[in-house]
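# Could you look at this predicted model? Sequence included:
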Amino acid sequence: MSVPPTLPQAAPTDAEVTPPRPSWGETLRVYLEPASLRMFALGFSAGLPLLLVLGTLSFRLREAGLDRTTIGYLSWVGLAYGFKWCWAPLVDRLPIPLLTRWLGRRRSWLLLSQALIMASLVGMALADPRTELQLVVWCALAVAFASATQDIALDAFRIESADVRHQGALAATYQTGYRLAMIWAGAGVLWIAARAEIAPTAGATAPGALYQQAAWTTAYLVMAASMLVGVLTVLFSREPARVALPPARNAADWLRGALIEPFADFLRRYGKQALLILALIGVYRISDVVMGIMANPFYVDMGYTKDEVAAVTKVFGVIMTLVGAFIGGALSLRLGVMRVLMLGAVLSAASNLLFAWLAGHGHDVTALILVISADNLSAGVASAAFIAYLSGLTNVRYSATQYALFSSMMLLAPKWLAGYSGAFVDAYDYPTFFIATACLGVPVLLLIWLATRLAPVEPKA
């Protein structure tokens, strides 16, 4: 942020120091800027793989007859997202032969990761989890690894595409594309699988008896083809202006600049506050992530059909998330990120209590709509504010590595804990599980309060 020149005759006025508050028209027009539209399409590419290796896959595995404890442990596939900081320096600095010269540093890594996602989704489509579970897991790991790599390059692409004031808007359009992809990877894959099924054998009730591999093969092949949205966007986008980096005199200099300096820079800039910031990042989404692993098995066990789950949780619910994301992005721009961060944390933890009520209420589509509305609206507000918060912490010279560190920490502890969610549900049942996930959000509120108190007060936009 630039500082106005000091006049010799008088100190600068408040109007000179603080930029004027944008009008609502100016605030909303930012969503139609080219950078926002590109982020919308790339957000779709980023959101598509996630459910296919976590949420939708858990539905598929439960329908195939796998027990909840096993499904919970298999969610550790998602830990690939939590360790992406380990190879983020390579994505930040290492050129890809031929591709980088043609497309540039960010777009070359985006295209390579998207190609690997498509190939691995084809593998998941062809493997039957009842007889080839190991192959399904390996393909899911490949999707998660490639998807995490895409996230590293995409986060850097987004951060380098606009200034700090516009990061909230880019986060909102990114979330829009991301959530639309989740509709497609959630509702779309269920609808396709349901329409591709043949009539089940009458009276089939054994675990896995209703599972039809051919239907899921069709659905996952369509998902693999859908990654072309991201591929085409990368090919027709411009590479962001390259940030000048100090030249490396030798391999040691390159490794120091790629692996050590991004983390050292963060510690230098934030000092003692760095540990508080990292702690907040590490637990902010813990309530949602831990609860989310058991959401689809919960719908199956409550007797909701594919069409009901698709329509309510994967379409209507995602629309509510989009509404929340736009509200969160606009409020972050006008009121400051930290205030909206606190609001999102309160709403996210509280909404998990509604699932505990639903578990005791029984199969009721209207009740499911009400619960999903509240939960996804809260998630949208929290996500937009959190992405803007993480973006503001990065130094543009190390955007890919630093943002990967932050977003990895956001998932590492929650994903590890979520692996035990199936065993917890088997031991204590769903209502106790949902209440426990709500309680996990309480320490988050304290960390946000401390971060707000210790950090400089953020001026309103």
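Sure thing, it's come through.

# Straight-line length of stretch 154-172, end to end?
In stretch 154-172, first residue to last residue: 15 Å (C-alpha to C-alpha, to the nearest Å).

# Could you do stretch 123-136 as well?
Using C-alpha to C-alpha, the two ends of stretch 123-136 sit 7 Å apart.

# Over to stretch 281-292?
In stretch 281-292, first residue to last residue: 18 Å (C-alpha to C-alpha).

# just use 11 as the starting number from now, easier for me
With 11 as the first residue, the last one maps to stretch 291-302.

# quick one: contacts of that stretch?
64-65, 351, 355, 358-359, 362, 365, 389, 392, 396, 400, 416, 419-425, 427-428, 431, 443-444, 447-448, 450-451, 453-454, 457-458 (C-beta atoms under 8 Å, 6 or more residues apart in numbering). Using the backbone N, CA and C atoms, a C-beta is placed for each residue, glycine as well.

# For the closest residue to residue 280 other than its chain neighbours, give me its contacts.
Among residues not flanking residue 280 along the chain, residue 287 sits closest, at 6.0 Å (C-beta to C-beta, 6 or more residues apart in numbering). By C-beta under 8 Å, 6+ apart, the contact list for residue 287 reads 280, 403, 461.

# By neighbour count, which of those residues wins?
Most neighbours among the contacts of residue 287, by other C-beta atoms under 10 Å: residue 461, with 19 neighbours.

# how far away is that residue from residue 412?
From residue 461 across to residue 412, the span is 17 Å (C-beta to C-beta, to the nearest Å).

# for residue 457, same thing?
In this view, residue 457 and residue 412 are 20 Å apart by C-beta to C-beta.

# Check residue 146 too.
Counting by C-beta to C-beta - residue 146 and residue 412 are separated by 34 Å.

# Residue 393 is in contact with residue 337, correct?
No - counting by C-beta atoms under 8 Å, residue 337 sits too far from residue 393 to count as a contact (11.1 Å).

# more neighbours, these two?
residue 393 (26 against 19).

# helices or strands up against the strand or helix carrying that one?
Assigned by DSSP states H and E, residue 393 belongs to helix 375-403. The contact analysis (3 or more C-beta pairs under 8 Å, 6 or more residues apart in numbering; DSSP states H and E) places helix 375-403 against helix 177-193, helix 327-345, helix 347-371, helix 409-428.

# Single out the most deeply packed of these.
Most buried of the helices and strands packed on helix 375-403 by mean neighbour count (mean count of other C-beta atoms under 10 Å) is helix 177-193; its value is a mean of 27.

# what mean pLDDT does whichever helix or strand comes after it have?
Next helix or strand after helix 177-193 toward the C-terminus (DSSP H and E): helix 199-206. Averaged across helix 199-206, pLDDT comes to 88.

# give me phi/psi at the residue nearest to residue 280?
Backbone geometry at residue 287, expressed as degrees, to the nearest 10, gives phi -60, psi -50.

# thinking again about what came up before, for residue 81, find the nearest of the helices and strands packed on helix 375-403.
When the helices and strands packed on helix 375-403 are ranked by distance to residue 81, counting by C-beta to C-beta, first place goes to helix 409-428 at 10.7 Å.

# quick one: the closest one to chain centroid distance?
The chain centre lies 10 Å from the centre of helix 409-428; the measure is C-alpha atoms, centre = their mean, to the nearest Å.

# continuing past it, what's the next helix or strand?
Proceeding N to C from helix 409-428, the next assigned helix or strand is helix 431-438, under DSSP H and E.

# In that following helix, which residues are buried?
Neighbour-count burial for helix 431-438 flags 431, 432, 434, 435 (criterion: 16 or more other C-beta atoms under 10 Å).
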